[in-house]
Every structure is written in C-alpha cells, then in structure tokens.
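Asks: build me a structure from this.
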Amino acid sequence: MHAPARLDAAAASAATPLVELRGVRKTYGLGTAVATEVLHGVDLSVARGEFVALIGPSGSGKSTLLNIIGLLETMSSGEYRLLGQPVGELGDAELTRRRGDTLGFVFQFHHLLPAFSALENVLMPELIRGGRVGDAARARAMALLEKVGLAAAAHKRPAELSGGMQQRVAIARALAHGCPLVLADEPTGNLDTHSADEVFALMRRMNVEARTAFLIVTHDPRLAARCDRVIELVDGLVANRVP
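Replies: Okay, the predicted model is just below:
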C-alpha cells in the first residue's frame, strides 16, 4: 500500500542533482585592501551519472570552483547543495564525512604515497577513515585494481609504475568508497597523448558501468568533446554550456 510513496521518494532522490550551485562567489582576502573576487556568481549543476567537462582559460577560476565543490574551500556567498542538502548547514565533522563518503578526487599529479604499494594506496582512504582495513575493503580494492587493469601490479610501488599506470591507481583510489561523484583536475595533463586517451577511456568506462558522475577540468579540447556536456568558465562566470 505504501509502495507508490516509496517509489516517488526514490524517483525524487534520483532526480535531485548531485551538485547544485546558485550565485556562488569566492573572494580571497575578503575585507582587506587587496580583496580579489575570482568567482562572480556561478550557477552550475551536475546530475547523477553525468560525465561533464569544465573548461576555460588559465585564471578563470576552474580549480577554485572544483575545490569549493570538493568541500576543500568555502564559498564567500551563494548557495551550494550537495545531494540536495545546503552545504552551509553542515558543521566541520559532517563536511569531512560528506567529503569522504560522497566525493572522489583525481588530480593532475596522482599524489600516490611512494612508500606504499598500489593496493595500499587504493586502501589509504579506508585506512585514514577507520584506522584499519578489513578483508572486505581489501577485496574491493583488489577488484578495483583489476578493473583498471593493474591487478598484477597491486604490490608494486609508484616508482615501479608508468605515469599512466599511476593515474589509474589514483582513479581506483577515488572510487574505493563507491562515491557518486569524482572530481578530476587535469587528470591527463601530465600524460602523453596515448596514456591520456587510456586514462580518459577508463574514467568513461567507470562512468558507464558504475553510473559514477565525473566533473573533469581539462585543457584538452579533444577530451572535452567526448564528454556528455561541456561547461565553460571565463573570468569567474559560466560563459556557456555546450551540449
């Protein structure tokens, strides 16, 4: 008898954007003589399962915007809803929990820990969060390494892997918690064309297979053209949205 209500709730949840920004501004040095506003009222949304490119010239505010979405920086004003909840209502502990549970990160430089194996690097978020790693988490990490084609390299350290392989480990690490959204800041910017294509194809496959949403900052127009949607940021404002 209550099934329709449950279905309606599930449909509403699925329709709620993962990320929704309205009028977001960011000013560095707020209240000082050298205050500089880098975001001037950004409106942006990312739906569940989308694969979106964020492009724009250097200095347009792309990394700042990605850091705000990733809960690494705070906005100066505006509204940011993550999974439908206003971020401004969350305390520090809840922000940290949301960052760990909801968001995965991939950067231009993979930031793998050199003293640890590929498997241990994938497990690092679990270790940081819980202090120990169980058999289930280890099995999930190995399954992810297999998905990114690195099961045979699970016990190798980063120095023993190529740049493209290291970035694939970073992608596995970002997906280790089954997060619904991965934020990637120039994930192929430090790779040659062949490796960049492989890493991009891997992210796309994870997007399709797991319905993980990706928001990717890139300067590569070839890769941006292969995304579901392109958002262009110019001088701290969304200039246009290309289907």
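
Asks: so the most centrally placed residue in the chain: helix, strand or coil?
Replies: What sits nearest the mean C-alpha location of the chain, by CA atoms, centre = their mean, is residue 183, with 1.5 Å. Of the three states, residue 183 takes strand according to DSSP: H, G, I helix; E, B strand; the rest coil.

Asks: how far does stretch 29-45 sit from the chain's center?
Replies: 22 Å (CA atoms, centre = their mean, to the nearest Å).

Asks: neighbouring contacts of that stretch?
Replies: For stretch 29-45, the surrounding residues in contact (CB atoms under 8 Å, 6 or more residues apart in numbering) are 17, 19-28, 61, 64-65, 68, 75-76, 78, 231, 233, 235-238. (Each C-beta comes from the backbone N, C-alpha and C, glycine too.)

Asks: just the ones of these in helices?
Replies: 64, 65, 68 (DSSP state H).

Asks: one step back: my read is that the residue nearest to the centre of the chain contacts residue 68, right?
Replies: No: contact criterion CB atoms under 8 Å: residue 183 and residue 68 do not qualify, at 10.4 Å.

Asks: the residue nearest to the centre of the chain bridge partners, please.
Replies: Here residue 183 sits in beta bridges with residue 105, residue 215, going by DSSP bridges.

Asks: give the contact list for it.
Replies: 66, 69, 70, 103, 104, 105, 106, 215.

Asks: now do 6 Å
Replies: Counting by CB atoms under 6 Å, 6 or more residues apart in numbering, residue 183 touches 66, 70, 105, 215.

Asks: columns neighbour count on top of those, output as TSV?
Replies: Putting the contacts of residue 183 into TSV (neighbours: other CB atoms under 10 Å) gives the following:
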residue	neighbour count
66	21
70	19
105	20
215	26
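
Asks: so where's the longest helix in the protein?
Replies: helix 193-210.

Asks: you'd agree residue 75 is up against residue 68?
Replies: Yes: between residue 75 and residue 68 there is a contact under CB atoms under 6 Å: 5.2 Å.

Asks: pretty sure residue 41 belongs to a strand, no?
Replies: Yes: per three-state DSSP, residue 41 lies within a strand segment.

Asks: what about it, neighbour count?
Replies: 15 (other CB atoms under 10 Å).

Asks: same deal with the one 10 residues further on?
Replies: Applying other CB under 10 Å, we find 20 residues neighbouring residue 51.

Asks: residue 142 belongs to a strand?
Replies: No: the assignment for residue 142 (three-state DSSP) gives helix, which keeps it out of a strand.

Asks: how close does it get to residue 118?
Replies: According to CB to CB, to the nearest Å, residue 142 stands 10 Å off from residue 118.
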